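Chemist: only the shape, not the letters, is given here:
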């Protein structure tokens, strides 16, 4: 085994078994709630993570840049790459799948060129783009297939906010509709498929194993608007104006759920690309915030999704029909998806005692909340418990990655703020789900965490990637609220000397790492890296 000279991270020998039988098939993970139940035994020191592979593909591009990138450029931190969007990787069927865009053509933004002069980076500001979906072997990083949809995309530019951020999903679904299946079959045999939403609102359905295009559809009227905006942007030599191109794809109960980039949601037949239903502004329904995803829900033996919009209207929707069964107004800003357990929907309500820092503007009180648990069925939802107002949750946009709530094994893990005198301090809470009892409240100087295998992993900052090593630190912890403690040393992920691992990310919609069977899959500048986090065999 050879060792890197940076951060003490070892490189795995080629013979090491890295079969990834588990999946992380969507932004929300295998259970639709950011959790996984492998029980994998992980390391007790993050600096001992072993680099398994780097992807063959090195031109995926970067996610977010920084404020003022159109004035000062993106610079050496971005390794000469163009933007590629802010989708997260997923894992399915032994493959790591990444969606991105690749700027193309001979038309660039003339206004940025004029502003930047000699510092202008033409490849960063090309107006048109290809939509791309690539799959890599999860054991080796070798490219299995790559689909390039030439000139069907647009470049959303480089900056802190506003970049295209739509994570694809993979699922086993019927290749034929029920009407097409023979009379002797109730449904066609499920096969693995990948679904991706491109930068102009095209929906691509691909065979998971081969990458073959099975069908292409669109989100409808918004797609037509984006195509018109692309044509205008090319004529005017400027980056296209594309509003809130965020979202996550998900398959629930055999229906593909796709955001319409206008607060609405579409139900798509996976076999054909046919739109089954569309909940949108035309029907006076704001279904999603644009920054969140539908939440898969099981009631008895039936599947539903719970959706919440930015005003906090919580709804239960039937995936097959798009029928809204009920609506509960939570009455606060709600940019994250609800999370379901067998007993509860975990959501946020207005904080009864905290309305913001001194000098907060009128109407900002609903930007801070508290965690609440609702019991639910097909007939409605009622609050079961709510945390005290001292546990302050930042609901608004800059809350970013810290908005995630992760339930597992009867416990709920999440980050909030606590007040100490006049200061706000970040807390990690571990809560007993059945009654809302706080079992552990630990002050932590982090903005994000993962719950993988038998470890909780805190991350100091995901939203401002790329940052120097002292700004993104990964730390392992135990998961037991009765024995919660840090393990080993902190892993400084971005090394400022040789920049071997330079993570890329998103701001409004963070880029998250995927996890399967003890392996962590990270999006870095230009490609993907896989780390083996498994404890060494005894």
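Modeler: Done, it's in. Everything numeric here is computed off the predicted structure, so don't read it as measured data.

Chemist: distance of residue 109 from residue 82?
Modeler: Look at residue 109 and residue 82: by C-beta to C-beta, to the nearest Å, they are 12 Å apart. Heads up, the C-betas are built off the backbone N, CA and C, glycines and all.

Chemist: my guess is residue 132 meets residue 146, correct?
Modeler: Yes: using C-beta atoms under 8 Å, residue 132 is in contact with residue 146, at 6.9 Å.

Chemist: which one's more surrounded, the two?
Modeler: residue 132 (25 against 14; other C-beta atoms under 10 Å).

Chemist: mind listing the strands the host helix or strand of the more buried one pairs with, and their directions?
Modeler: With elements taken from DSSP states H and E, the one containing residue 132 is strand 126-137. Sheet pairing of strand 126-137 (DSSP bridges) gives strand 95-108 (antiparallel), strand 143-154 (antiparallel).

Chemist: residue 205 touches residue 216, doesn't it?
Modeler: Yes: here residue 205 reaches residue 216: they are 7.4 Å apart, a contact under C-beta under 8 Å.

Chemist: neighbour count winner among those two?
Modeler: Using other C-beta under 10 Å as the criterion, residue 205 and residue 216 rank with residue 205 on top: 22 against 14.

Chemist: quick one, helices of the chain?
Modeler: Ranges of helices within the chain are 69-72, 110-116, 221-236, based on DSSP state H.

Chemist: which other residues reach the longest one?
Modeler: Residues external to helix 221-236 that are found in contact with it (C-beta atoms under 8 Å, 6 or more residues apart in numbering): 105, 107, 127-128, 154, 199-202, 239-242, 260-262.

Chemist: let's see it at 7 Å
Modeler: Residues from elsewhere that reach helix 221-236 (C-beta atoms under 7 Å, 6 or more residues apart in numbering): 107, 127-128, 154, 200-202, 239-242, 260-262.

Chemist: return the distance of residue 26 relative to residue 195.
Modeler: On the measure of C-beta to C-beta, residue 26 and residue 195 end up 10 Å apart.

Chemist: quick one: end-to-end length of stretch 434-445, please.
Modeler: With C-alpha to C-alpha, to the nearest Å as the measure, the ends of stretch 434-445 fall 28 Å from one another.

Chemist: make that stretch 56-74, sorry
Modeler: 24 Å.

Chemist: in it, what counts as buried?
Modeler: Going by neighbour count (16 or more other C-beta atoms under 10 Å), the buried part of stretch 56-74 is 56-57, 60-66, 69-70, 73-74.

Chemist: returning to what we had before: ranking the strands paired with strand 126-137 by burial, who's on top?
Modeler: Mean neighbour count (mean count of other C-beta atoms under 10 Å) peaks for strand 95-108 among the strands paired with strand 126-137, with a mean of 22.

Chemist: ok, and what's touching that strand?
Modeler: Residues outside strand 95-108 that contact it (C-beta under 7 Å, 6+ apart): 60-61, 82, 84-85, 87, 89-90, 122-123, 125-138, 144, 151, 153, 155, 164, 166, 168, 170, 194, 196, 199, 208, 234, 237, 521, 528.

Chemist: show the average pLDDT along it.
Modeler: Summarised as a single mean, pLDDT over strand 95-108 is 98.

Chemist: now stretch 394-413
Modeler: Rounded mean pLDDT across stretch 394-413 is 84.

Chemist: pull out the buried residues from the contacts of strand 95-108.
Modeler: Among these, the ones that count as buried by 16+ other C-beta under 10 Å are 60-61, 82, 84-85, 87, 89-90, 125-138, 144, 153, 155, 164, 166, 168, 170, 194, 196, 199, 208, 521, 528.

Chemist: more neighbours: which of residue 26 and residue 195?
Modeler: It is residue 195, of residue 26 and residue 195, that has more neighbours when counted by other C-beta under 10 Å, with 27 against 24.

Chemist: now the nearest residue to the more buried one once chain neighbours are set aside: how far from residue 171?
Modeler: In this structure, residue 195 finds its nearest non-sequential neighbour in residue 249, 5.1 Å apart by C-beta to C-beta, 6 or more residues apart in numbering. Residue 249 is 9 Å from residue 171, where distance means C-beta to C-beta.

Chemist: higher neighbour count, the two?
Modeler: Legend: neighbour count by other C-beta under 10 Å for residue 249 and residue 171, higher for residue 249 (27 against 22).

Chemist: which residues touch that one?
Modeler: 26, 167-169, 195, 197, 256-258.

Chemist: turn those residues into a markdown table, including pLDDT and distance to residue 225.
Modeler: A markdown table is the format used below for the contacts of residue 249 (pLDDT from 0 to 100; distance: C-beta to C-beta, whole Å):
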| residue | pLDDT | distance to residue 225 |
| --- | --- | --- |
| 26 | 97 | 27 |
| 167 | 97 | 23 |
| 168 | 98 | 22 |
| 169 | 97 | 24 |
| 195 | 98 | 22 |
| 197 | 98 | 15 |
| 256 | 98 | 21 |
| 257 | 98 | 21 |
| 258 | 98 | 16 |
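
Chemist: got any ranges where the stretch 101-250 of the chain has weak pLDDT?
Modeler: Across the stretch 101-250 of the chain, the ranges flagged by pLDDT under 70 are 176-190.

Chemist: try 50
Modeler: 184-187 (pLDDT under 50).

Chemist: sorry, back to before: among the strands paired with strand 126-137, which is nearest residue 409?
Modeler: Among those, the nearest to residue 409 by C-beta to C-beta is strand 95-108 (27.1 Å).

Chemist: roughly how far out does the closest one sit from the chain middle?
Modeler: Centre-to-centre, strand 95-108 and its host chain are 18 Å apart (C-alpha atoms, centre = their mean, to the nearest Å).

Chemist: stretch 233-240 now?
Modeler: 29 Å.

Chemist: list the contacts for residue 366?
Modeler: Going by C-beta under 7 Å, 6+ apart, residue 366 touches 331-333, 350.

Chemist: redo that, cut-off 6 Å
Modeler: 332-333, 350 (C-beta atoms under 6 Å, 6 or more residues apart in numbering).

Chemist: next one: residue 453
Modeler: 38, 40, 42.

Chemist: possible to save those as TSV with distance to residue 101 and pLDDT?
Modeler: Output for the contacts of residue 453, formatted as TSV (distance: C-beta to C-beta, whole Å; pLDDT from 0 to 100):
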residue	distance to residue 101	pLDDT
38	32	90
40	34	93
42	34	97
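
Chemist: among those, which lie within strands?
Modeler: Secondary structure defined by DSSP state E assigns none of the contacts of residue 453 to strands.

Chemist: run a quick neighbour tally on residue 446.
Modeler: Here the number of neighbours of residue 446 (other C-beta under 10 Å) works out to 19.

Chemist: without its sequence neighbours, what residue ends up closest to it?
Modeler: residue 458 (4.2 Å).

Chemist: burial of the one you found, as a residue count?
Modeler: 23.

Chemist: pretty sure it is touching residue 448, no?
Modeler: No: under the criterion of C-beta atoms under 6 Å, residue 458 is not in contact with residue 448, lying 7.2 Å apart.
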